[in-house]
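**Student:** A predicted structure for the sequence below; I have some questions about it.
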Amino acid sequence: ETRICRESLVQVSKMPHDLASRIDYSQRYRTATAEYRHVILPKEMAKQLPTMRLLTENEWRGIGVQQSRGWEHYATHRPD
């Protein structure tokens, strides 16, 4: 089974613990082919978001996003 995670991720660097503790996670939901979860970052983190690429698993883990193995960052969405 392939798991995919929609993540809005920030520039690769260690984030202060107080910011990482404010990351919010949606409930998981499924389609016929994948499982999804939205990860909502604090605005201070989102401002540092790369605009031209997605992050690797090591990168998003490095900023404090916690997911089980196999999840992938596949898209970003900036608030309106």
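**Tutor:** Structure received.

**Student:** residue ranges of the strands in the protein, please?
**Tutor:** Ranges of strands in the chain, per DSSP state E, are 6-7, 24-25, 29-30, 35-36, 38-40.

**Student:** how about the ones you listed, which one is nearest residue 50?
**Tutor:** strand 6-7 (11.7 Å; C-beta to C-beta). Every residue, glycine included, has its C-beta placed from N, CA and C.

**Student:** taking the mean pLDDT, what do you get for that closest one?
**Tutor:** Strand 6-7 shows a mean pLDDT of 44.

**Student:** And stretch 61-80, by the same measure?
**Tutor:** On average, stretch 61-80 scores 82.

**Student:** again with stretch 23-35
**Tutor:** Here stretch 23-35 scores 92 as its mean pLDDT.

**Student:** quick one: terminal-to-terminal distance for it?
**Tutor:** Counting by C-alpha to C-alpha, to the nearest Å, the length from the leading to the trailing residue of stretch 23-35 is 20 Å.

**Student:** List the buried residues of the longest helix seen in the chain.
**Tutor:** Criterion DSSP state H: the longest helix present in the chain is helix 57-62. Across helix 57-62, burial judged by 16 or more other C-beta atoms under 10 Å covers 59-60, 62.

**Student:** With stretch 27-40 instead?
**Tutor:** By neighbour count on 16+ other C-beta under 10 Å, the buried set for stretch 27-40 is 36-40.

**Student:** Please apply the same query to stretch 66-73.
**Tutor:** Buried residues in stretch 66-73 (16+ other C-beta under 10 Å): 67, 71-73.

**Student:** The strands of the chain: which one's closest to residue 48?
**Tutor:** Per C-beta to C-beta, nearest to residue 48 of the strands of the chain: strand 6-7, 13.8 Å.
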